[in-house]
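# can you look at this prediction? I've put the sequence above it.
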Amino acid sequence: MSTTDEAPLAFGERAERYRALVEAEMRDIVGTGPAELYGWMRYHLGWEDAAGEPLRGSGGKMLRPVALLLAVDLVGGEVEPAAPAAAAVELVHAFSLVHDDVVDGSRLRRERPALWTVVGPGQAINTGDGLFGLAHQAMHRLPARGYAERRVLEAMRELTEGTRRLVEGQYLDISFEQRADVSTRDYLEMAAGKTAAMFACPFAIGALLGGAEGRVVAAFREFGARLGIAFQAVDDVLGAWGDPRVTGKPAGDDLRTRKKSYPVVWALESGSARDADAARELAAAYATPPLDDPDSAGAEARRLAVLVERAGGREAAMRIAVEESAAALGAIEESGLGAVAVALCRSFAASVTGRES
């Protein structure tokens with residue numbers, strides 16, 4: 001059997017091992033104390049219900065910490081000592097989701113009430129800030145795991161830069177709500193920060209902690225950045241056409257709230273060439289406030305999804321996902337790591353974009 005044939009199974013086994021390491025590390029970092037603040041963190045992370053009772057089941061795919069530990073593995077490093085860094089990137093991601101739900105007014109997160117609907121926006125924001133603080137505390141565990149100070153500082157610099165880019169991207173995303181002139185170029189700049197930076201960051205940190213040289217670290221950083229754009233494009237498609245059982249949010253939620261996702265932006269910018277009537281009708285709908293009535297809003301979201309698809313937005317989003325995934329794999333192929341690394345990265349990319357390849 002070829003390496004490529006073996007890779008999906010090998011990746012699945014590795015990913016399960018990585019997730020177990022990361023969750024154990026995160027649970028140790030967050031702790032089990034009775035203080036409400038940390039109980040709210042455990043609720044958001046999917047470990048407890050709103051009453052503080054333990055829950056069984058997954059806290060998510062943990063794509064970003066899996067990315068970090070995969071990079072460590074592929075450059076020949078030891079995975080277990082890097083678990084604090086992997087926990088750190090997942091805690092940063094968790095902090096960003098708490099804040100995202102407040103900003104977007106999203107009432108569901110993974111088919112459960114979003115934290116802010118349980119404890120209020122103020123305490124939710126504070127809980128997110130706490131998760132951010134714990135992420136940086138996690139990085140300070142690395143010297144005790146045997147890493148040289150220089151490597152730890154480089155890894156912390158990557159995390160700080162990734163977080164800064166994430167916040168810049170979130171700023172742009174929020175600013176789009178007040179703008180009617182958002183272009184696909186604007187959108188990709190936003191996604192490069194809000195989403196792609198926190199894929200680039202863990203891959204770079206993993207390569208650093210695994211002892212890779214600079215060009216290999218750069219290749220992993222580009223792999224993550226490109227794959228992050230592909231992930232965002234697919235996520236936008238799911239936000240408009242996805243199954244709520246997969247997304248954890250009502251069908252068409254992004255369209256209902258007038259979110260300027262890539263399919264919508266592309267349709268508004270370029271859709272007149274495909275279906276001018278659909279593009280005009282979509283623009284008119286986006287110029288009006290969202291509907292309050294749930295039944296009416298749901299029907300309208302379905303209508304908008306049809307308009308975006310007629311104008312070519314859905315197809316354009318999937319096209320850029322394919323293009324960016326290919327460019328991501330090209331960076332790894334050019335790094336000289338070999339066929340096994342490429343095959344495992346291809347499996348990771350397929351898990352991120354939801355495509356079999």
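Cool, the structure landed.
# tell me how far the ends of stretch 236-252 are from each other?
Distance across stretch 236-252, first residue to last, is 10 Å (CA to CA, to the nearest Å).
# in it, what's buried?
Within stretch 236-252, the residues that count as buried by 16 or more other CB atoms under 10 Å are 236-242, 247-252. Every C-beta, even on glycine, is put in place using the N, C-alpha and C of the backbone.
# same check, this time on stretch 332-344
Within stretch 332-344, the residues that count as buried by 16+ other CB under 10 Å are 332-333, 335, 337, 341-344.
# in those residues, find the pair that's most separated.
335 and 343 (13.6 Å; CB to CB).
# can I get the buried residues of stretch 332-344 in JSON lines with pLDDT and secondary structure?
As requested, the buried residues of stretch 332-344 are exported to JSON lines (pLDDT from 0 to 100; DSSP: H, G, I helix; E, B strand; the rest coil):
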{"residue": "332", "pLDDT": "97", "secondary structure": "helix"}
{"residue": "333", "pLDDT": "96", "secondary structure": "helix"}
{"residue": "335", "pLDDT": "95", "secondary structure": "coil"}
{"residue": "337", "pLDDT": "94", "secondary structure": "coil"}
{"residue": "341", "pLDDT": "94", "secondary structure": "helix"}
{"residue": "342", "pLDDT": "95", "secondary structure": "helix"}
{"residue": "343", "pLDDT": "95", "secondary structure": "helix"}
{"residue": "344", "pLDDT": "96", "secondary structure": "helix"}
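# and these, which is closest to residue 137?
Among the buried residues of stretch 332-344, residue 344 lies closest to residue 137 (CB to CB), at 30.4 Å.
# quick one: residue 277 from residue 258, how far?
Separation of residue 277 from residue 258 (CB to CB, to the nearest Å) stands at 20 Å.
# of these two, who's got more company?
Neighbour totals were compared for residue 277 and residue 258, and residue 258 leads with 17 against 12 (other CB atoms under 10 Å).
# is the more buried one in a helix, a strand, or coil?
Per DSSP: H, G, I helix; E, B strand; the rest coil, the secondary structure class of residue 258 is coil.
# surely it and residue 284 touch.
No - between residue 258 and residue 284 there is no contact under CB atoms under 8 Å: 12.0 Å.
# which residues sit in contact with residue 205?
Contacts of residue 205 were listed using CB atoms under 8 Å, 6 or more residues apart in numbering, and they are 68, 71, 85, 89, 155, 158-159.
# ranges for the helices of the stretch 151-300 of the chain?
In the stretch 151-300 of the chain, the segments counted as helices under DSSP state H, counting those that start in this stretch are 184-191, 197-209, 214-241, 244-247, 253-256, 262-270, 272-286, 294-310.
# pick the most deeply packed of the ones you listed.
The highest average neighbour count among these, using mean count of other CB atoms under 10 Å, belongs to helix 197-209 at a mean of 29.
# measure how that helix sits relative to helix 184-191, angle-wise.
Computed with axes from the mean of the first three to the mean of the last three CA atoms, to 10 degrees, the direction of helix 197-209 lies at 50 degrees from that of helix 184-191.
# quick one: mean pLDDT over helix 197-209.
Per-region confidence: helix 197-209 scores 98 on mean pLDDT.
# what does stretch 98-112 give?
Throughout stretch 98-112, pLDDT has a mean value of 91.
# need the buried residues of stretch 332-344 in CSV (columns: distance to residue 302).
Converted to CSV, the buried residues of stretch 332-344 look like this (distance: CB to CB, whole Å):
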residue, distance to residue 302
332, 39
333, 41
335, 44
337, 45
341, 43
342, 41
343, 40
344, 39
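# closest one of these to residue 38?
For the buried residues of stretch 332-344, the residue nearest residue 38 by CB to CB is residue 344; the value is 35.3 Å.
# need phi/psi at residue 48.
Main-chain dihedrals, residue 48, degrees, to the nearest 10: phi -140, psi 160.
# same deal with residue 258?
Backbone torsions of residue 258, given as degrees, to the nearest 10, read phi 70, psi 30.
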